[in-house]
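[1] give me coordinates for this.
(chains A, B, C and D)
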Protein chains: 2
Amino acid sequence: MADAEADARTPRERYRAQVRTEIKGHAWEQIATAGASALSLNAIAKQMGMSGPALYRYFASRDELITELIRDAYRSLAETLRTASGTGAGLAGLAHALRGWAREDPQRYFLIYGTPVPGYHAPEDITGIADEIMKTLLDACTALAPDGPPSPFDAHLEDHRDWAAGHPAPPTALHRALTFWTRLHGVLSLELAGHFTNMGFDRDLFFAAELDDLLAHRA
Amino acid sequence: MADAEADARTPRERYRAQVRTEIKGHAWEQIATAGASALSLNAIAKQMGMSGPALYRYFASRDELITELIRDAYRSLAETLRTASGTGAGLAGLAHALRGWAREDPQRYFLIYGTPVPGYHAPEDITGIADEIMKTLLDACTALAPDGPPSPFDAHLEDHRDWAAGHPAPPTALHRALTFWTRLHGVLSLELAGHFTNMGFDRDLFFAAELDDLLAHRA
DNA sequence: AAAATTTAGTTAGAGGTTATCACGCACCCG
DNA sequence: CGGGTGCGTGATAACCTCTAACTAAATTTT
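    Below is the predicted model:
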């Protein structure tokens, strides 16, 4: 969890960066145990032994802190997937990396893919990270041999591939990337939210089955 | 939106029920426009022209109000699906009913399937409604002809079918019900959260494609 | 080195929230 | 028509975010 802003020039900046990451550490702890809506700047300050308003030297508002956490979550996910992509394990490797990352801290996953708050819009640079995530996903999908003729929806995607940001993936790969995303999110999100808890079946097996179907896609 | 508790015996109970539903009405309004975490009892009271603590005559706490809203959301979804099931449109009908219901009020959908708050556990009777939803889903899946030999995961489900609550669905139907749920939730959840907004493709077409794949499932 | 500036942290306070309490008043039932 | 029941009130406590004014310390400039 080495923070990028830990190595700064002047001692002042070093200290400032260190306090910022310590604040974020306590914030993550609170989020993991009580959810993002229960995050309290006051409580964080108390934990750090200083009084409330001091935190406003480091984050302009509660929303800015949360935005920063969202940014870090995106960065962490992007790095996890990039690493998994580097091992050459393909789409399946990406899937298991995603699931591992999500189960490691469910609330972090929900910070990205959970209930949206109606007013909120993520800052521009975050969509950049999201694009990188999509890129590694598209890479893995392109690596798979195209299996069968493009479906009608594949053709539609071919005509609306702006979101691929110039990635040279064939239309079937575009489609597979999309379904990879939505299907795994479907399983994962319900699993993490505890909707499977009294259902008795094996979550690992179900995820694996869903992944298999995703990989063994015929035309 | 006729509430079940609207027709009560004594005038007192009638009035009480009416006020309760009016409170819930304002609550839904707030949730739709600002999300559940921004729901404020105080604001509701102000809207209704009475002062804060009065609402505690009708709901013991903010949590109890939200729980009641969740209950109503489940009931509404169950009824919607039951109705769709009655029209004989099959699984596809259920899918479109689900999507229509979700898009009608995204925050209501997320109240059920969105980010879980770590401490919270839904009361017993809500799981009963969830069971009914699963039942109508299993009915529709059973109505479809079983297509091919059961997969290994189908076999696993056959051994862990407690969640089906005695429903006589064949294992392939159990599996299809599960994937229907998770896959459509995956698409729907990301769509409602706005993750598709700048991607250019047609959400209706994508949903239809995902549904087609779900229905045309080979072995 | 001393002075000036920047920055961290403090307390006080405004305005918001949930929730409890004690009280008055009105309604409904016997 | 009297008396219990229940509704709504204001006051209050304990939180919350966030602003403002001030102190003290560290850094930078002269």
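[2] who in chain A is up against DNA strand C?
    For chain A, the residues in contact with DNA strand C (CB under 7 Å from any atom of the strand) are A:12, A:15-16, A:19, A:45, A:49-54, A:57-58. All C-beta atoms are positioned from the backbone trio N, CA, C, and that covers glycine.
[3] where does pLDDT dip in chain A?
    A:1-8, A:218-219 (pLDDT under 70).
[4] so out of everything in it, what residue is nearest chain B?
    Relative to chain B, the nearest point of chain A is A:G186 (2.6 Å; CB to the nearest CB).
[5] what is whichever strand or helix holds that residue packed up against?
    Secondary-structure element containing A:G186, defined by DSSP states H and E: helix A:171-192. If you count contacts as 3 or more CB pairs under 8 Å, 6 or more residues apart in numbering or on different chains; DSSP states H and E, helix A:171-192 packs onto helix A:90-104, helix A:106-113, helix A:124-143, helix A:152-159, helix A:203-215, helix B:171-192, helix B:203-215.
[6] can you tell me if the fourth one touches chain B.
    When you say that, I think you mean helix A:152-159. Yes: among the residues of helix A:152-159, A:152-153, A:156-157 lie within reach of chain B under CB under 8 Å from any CB of the partner chain.
[7] gap between that helix and the chain center?
    Centroid displacement of helix A:152-159 relative to its chain, using CA atoms, centre = their mean, to the nearest Å, is 26 Å.
[8] so for stretch A:37-51, first residue to last residue, what's the gap.
    Taking CA to CA, to the nearest Å as the measure, stretch A:37-51 stretches 21 Å from start to finish.
[9] hmm, who's touching it?
    The contact list for stretch A:37-51, computed with CB atoms under 8 Å, 6 or more residues apart in numbering or on different chains, reads A:22-23, A:26-27, A:30-31, A:52, A:54-55, A:59, A:62, A:65-66, B:37, B:117.
[10] go through those and name the one nearest DNA strand C.
    Using CB to the nearest atom of the strand, A:A54 comes nearest to DNA strand C of the contacts of stretch A:37-51, at 3.5 Å.
[11] list the contacts of that closest one.
    A:A45.
[12] so it, which state does it fall into?
    helix (DSSP: H, G, I helix; E, B strand; the rest coil).
[13] any idea how far A:N198 is from it?
    Using CB to CB, to the nearest Å, we find A:A54 at a distance of 45 Å from A:N198.
[14] over to A:I112?
    Per CB to CB, A:I112 is found 27 Å from A:N198.
[15] neighbour count for the two, which is higher?
    Counted by other CB atoms under 10 Å in any protein chain shown, A:I112 and A:N198 do not tie: A:I112 has more neighbours, with 20 against 10.
[16] identify the residues contacting the closest residue to A:T179 other than its chain neighbours.
    Of all residues not flanking A:T179 in the chain, A:L214 sits nearest, at 6.5 Å (CB to CB, 6 or more residues apart in numbering or on different chains). Applying CB under 8 Å, 6+ apart, we find A:L214 in contact with A:91, A:95, A:176, A:179-180, A:183-184.
[17] again with A:A95
    A:A95 neighbours (CB under 8 Å, 6+ apart): A:180, A:184, A:207, A:211, A:214.
[18] repeat that for A:M134.
    A:163-165, A:167, A:177.
[19] could you do A:P152 as well?
    By CB under 8 Å, 6+ apart, the contact set of A:P152 is B:A209.
[20] next step: the contacts of A:M134 restricted to helices.
    Among the contacts of A:M134, the members falling in helices are A:A177 (criterion: DSSP state H).
[21] so which two of the contacts of A:M134 are the farthest from each other?
    Using CB to CB, the pair of the contacts of A:M134 lying farthest apart is A:A165 and A:A177, separated by 12.1 Å.
[22] which one's more surrounded, the two?
    A:A177 (25 against 12).
[23] near DNA strand D, which residues of chain A show up?
    Taking CB under 7 Å from any atom of the strand as the contact definition, chain A meets DNA strand D at A:10-12, A:39-43, A:52-53, A:56, A:60-63.
[24] for the residue of chain A closest to chain B, which non-adjacent residue is closest in space?
    Of all residues not flanking A:G186 in the chain, B:G186 sits nearest, at 2.6 Å (CB to CB, 6+ apart).
[25] surely the one you found and A:F180 touch.
    No: applying CB atoms under 8 Å as the test, B:G186 and A:F180 come out as separate, 10.0 Å apart.
[26] more neighbours, the two?
    B:G186 (24 against 21).
[27] residue contacts, the more buried one?
    By CB under 8 Å, 6+ apart, the contact set of B:G186 is A:181-187, A:189.
[28] what is the one helix or strand A:E29 maps to packed up against?
    Following DSSP H and E, one finds A:E29 within helix A:11-34. Helices and strands touching helix A:11-34, as assessed by 3+ CB pairs under 8 Å, 6+ apart, comprise helix A:41-47, helix A:62-86, helix A:106-113.
[29] just the ones you listed: most buried one?
    helix A:106-113 (a mean of 22; mean count of other CB atoms under 10 Å in any protein chain shown).
[30] any chance you could list what contacts it?
    With CB under 8 Å, 6+ apart, helix A:106-113 has contacts from A:28, A:31-32, A:35-36, A:66, A:69-70, A:73-74, A:76-77, A:101-102, A:185, A:188-189, A:192-193, B:115-116, B:118, B:189-190, B:193, B:195.
[31] 6 Å instead, please
    A:31-32, A:70, A:73, A:102, A:185, A:192, B:115 (CB atoms under 6 Å, 6 or more residues apart in numbering or on different chains).
[32] write the PyMOL selection for whichever of the residues you listed are buried.
    Buried residues among those (16 or more other CB atoms under 10 Å in any protein chain shown), as a PyMOL selection:
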select buried, (chain A and resi 31+70+73+102+185+192) or (chain B and resi 115)
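[33] the domain parsing of chain A - what is it?
    Domain ranges of chain A: A:1-59, A:62-215, per automatic domain parsing.
[34] switch the ones you listed over to TSV; also include distance to B:P123.
    Shown next, in TSV, are these (distance: least, CB to CB, whole Å):
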stretch	distance to B:P123
domain A:1-59	19
domain A:62-215	14
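[35] re the thing from before, just give me the closest of the residues of chain A next to DNA strand D to DNA strand C.
    Using CB to the nearest atom of the strand, the residues of chain A next to DNA strand D come closest to DNA strand C at A:P53, 3.8 Å.
[36] picking that back up, return a ChimeraX selection command for the buried portion of the residues of helix A:152-159 next to chain B.
    Restricted to buried positions by 16+ other CB under 10 Å, the ChimeraX selection for the residues of helix A:152-159 next to chain B reads:
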select /A:153,156,157
